[in-house]
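predicted model and sequence below, questions to follow.
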Amino acid sequence: MARTLTFKIFRYNPTKDNDEPHIETYELEETPRLNIFTALHRIREKQASDLMYDFVCRAGICGSCAMMINGRPTLACRTLTADLTDTIELYPLPFFKLLGDLSVDTGVWFHDMAKRVESWIHTQKEFDPTAVEERMDNDTANKIYESERCIECGCCVAACATAQVYPDFLGAAGLNRIGRFMFDPRDQRGEQEWFELVSTDVGVFGCIGMMACDDVCPKDLPLLEVFSYIRRKMNSGVQVAVKDLELS
Amino acid sequence: MTGIDTELYPKAETRHSQKSSAFKNAKKALRDERISGLTGAFLAFFILGHLVLESSILVSAKLYEDVAYFMEHTVPMAQPLIFIVTIVFFIHFVWAGRKIPGKLRERKMMLELGKKLKASKKGWQQDPKSDIKLRKHFETSMWITQVRTGMIVLATGAFHLFLVMWNIFTDMGVAGQVVGLTEEVATARVASGLWILYGVLMLNVVAHMAIGVYRLIVKWFADTWFVRNYAKALFYFLFWFYTILGTATVIAMAGPLEGILS
């Protein structure tokens, strides 16, 4: 027999006057293979036409529909109601700016992060469009690919206790992005540039190893591996950086 | 082929040519991290050895006596070690404690998130064949536990260090005994009611040490063969092995097992 699911959804519209944050309850018949994303669609169609939440791809690729589902930040489109208890609590992600109900603005934070870590390949080489592409060995390409798989959903930052307290902290997504460019042989940033960017209390040493990012990442990125790599690189890179400075 | 805009992305800037303040700050952050990690690792190794040697009383009082005599008189390492450990203990407190948020409100935010993540498994009844992997998460709460146990260790450990420093150089007024720690002194002290303090200290120090070792390995070596799962297995081993060993030792010293062990 199909279950009747109870959804307890956080509701608040900051643009409306006199609106207070509150919880509203909705009931929905469960159907086979129902996911949270479809359930929210059904609630919006029949019960709450002003319910706000984000979605684009419904396939775990765009990272828009991240929210707190029963206390855990994850993607609504990849969460089946069959995995959940009869009562389902939905909250927006903490840390990010609330746009209304379950919708948060992750874009501004990620844009800011990309600017801070200068998320592009730094090179002095003139681009020659006619030249054959330089070869890269497979391991390096795989490492870059693994870090590049991040969909910027923001689950890692929402689950990070350090980020809640230190809003400047780059978070798992930011450190992962740094790792992606550190792996890349085309990026010519030297030891000293990396060192100044990463070896700070809002960079890799802000991380205190609570590992929530690794546990909640819906894409299973090798976050802890990337952080360890960066840490050790900072540890050994400082001598190289000092040498560079003495030469310059 | 021309006409392709290669100026689309900004060129790398050649800055940082001087010893900038950013560089100094980065060096300081690395130094702080090294200090807190290395002092923690040193204290963890110390505790691993300390509790095993202490547990020699479970074998026999004679063995305990021999170990104490060896470390104080044959090869006098206990005397300098107590000073080193005390200094490292306080350095570790200051440097590792720098990560604890100062405001109550901030600590409450961390606590709430940790509790939520830990409890979130209860709202899920996951099918193993499910689309999304759901792992239990209690490492955030573990860190909070580490803060709490650290504070208890700071208080009880400081007392313990003082007491040991005191009687490693004096004879504690027990007639006819050599200077330093003996089985008789240790047992008398624990049995006199200080077993409460030693019990609390031991349980907290073991939890603090096991969590610390786990986090230290994950932070620095997760990309080597020593992956997180192994580090977690090590955590469980250290925690349970030393909890059981330590509890047995405190009980043995406190007296109720006297008839059985003598």
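Nice, thanks for sending it over.

list the contacts for residue A:102?
Counting by C-beta atoms under 8 Å, 6 or more residues apart in numbering or on different chains, residue A:102 touches A:9, A:10, A:40, A:51, A:52, A:53, A:54, A:67, A:90, A:91, A:92. In short, each C-beta sits where N, CA and C put it, glycine included.

and of these, the nearest to residue B:210?
For these, the residue nearest residue B:210 by C-beta to C-beta is residue A:91; the value is 32.8 Å.

next, count neighbours for that closest one.
Applying other C-beta atoms under 10 Å in any protein chain shown, we find 19 other residues in the vicinity of residue A:91.

now do the same contact list for the closest residue to it other than its chain neighbours.
Once flanking residues are discounted, residue A:91 sits nearest to residue A:68: 3.9 Å by C-beta to C-beta, 6 or more residues apart in numbering or on different chains. Under the criterion of C-beta under 8 Å, 6+ apart, the contact partners of residue A:68 comprise A:89, A:90, A:91, A:92, A:93, A:94, A:158, B:116.

sorry, back to before: export the contacts of residue A:102 as TSV, with columns for secondary structure and pLDDT.
Rendered in TSV, the data for the contacts of residue A:102 read as follows (DSSP: H, G, I helix; E, B strand; the rest coil; pLDDT from 0 to 100):
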residue	secondary structure	pLDDT
A:9	strand	95
A:10	strand	95
A:40	helix	94
A:51	coil	92
A:52	coil	93
A:53	coil	94
A:54	coil	92
A:67	strand	94
A:90	strand	95
A:91	strand	94
A:92	coil	95
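
who wins on neighbours among those residues?
In the contacts of residue A:102, the most neighbours by other C-beta under 10 Å go to residue A:67, 30 neighbours.

so it makes contact with residue A:88?
No - because the distance of 10.9 Å does not satisfy C-beta atoms under 8 Å, residue A:67 is recorded as not touching residue A:88.

against residue B:54, how distant is the residue most central in space within chain A?
Centrality entry for chain A: nearest residue to the mean C-alpha point is residue A:154, 2.9 Å, by C-alpha atoms, centre = their mean. Computed as C-beta to C-beta, to the nearest Å, the residue A:154 to residue B:54 distance reads 48 Å.

repeat for residue B:195
Where residue B:54 is concerned, residue B:195 sits at a distance of 13 Å (C-beta to C-beta).

with residue B:241 instead?
Distance, residue B:241 to residue B:54, by C-beta to C-beta: 14 Å.

also residue A:40?
With distances taken as C-beta to C-beta, residue A:40 is found 58 Å from residue B:54.

which outside residues touch the lowest-mean-pLDDT helix or strand in chain A?
Per-element confidence for chain A was summarised using mean pLDDT, DSSP states H and E. The lowest value among helices and strands belongs to helix A:223-247, with a mean of 81. Contacts of helix A:223-247 with the rest of the structure, by C-beta under 8 Å, 6+ apart, involve A:147, A:156, A:172, A:175-176, A:178-179, A:182, A:190-192, A:194-195, A:198-199, A:204-205, A:207, A:211, A:213-214, A:217, B:19, B:23, B:27, B:30, B:34, B:218-224, B:228.

please repeat the previous calculation with a cut-off of 7 Å.
Taking contacts as C-beta atoms under 7 Å, 6 or more residues apart in numbering or on different chains, the residues outside helix A:223-247 that touch it are A:147, A:156, A:172, A:175-176, A:178-179, A:182, A:190-192, A:194-195, A:198-199, A:204, A:207, A:211, A:213-214, A:217, B:19, B:27, B:30, B:218-223, B:228.

got it, and stretch A:206-220?
A:60, A:72-75, A:78, A:149-151, A:153, A:155-156, A:159-162, A:166, A:169, A:172, A:175, A:223-224, A:227, B:99, B:117, B:132-133, B:135, B:137, B:139-140, B:143, B:215, B:218-219.

residue B:215 in helix, strand or coil?
Assigned with DSSP: H, G, I helix; E, B strand; the rest coil, residue B:215 falls in the helix class.

wait, what's in contact with it?
Under the criterion of C-beta under 7 Å, 6+ apart, the neighbours of residue B:215 are residue A:209.

one step back: need the max-distance pair from the contacts of residue A:68.
In terms of C-beta to C-beta, the contacts of residue A:68 reach their longest pairwise distance at A:89 and A:158, which sit 14.9 Å apart.
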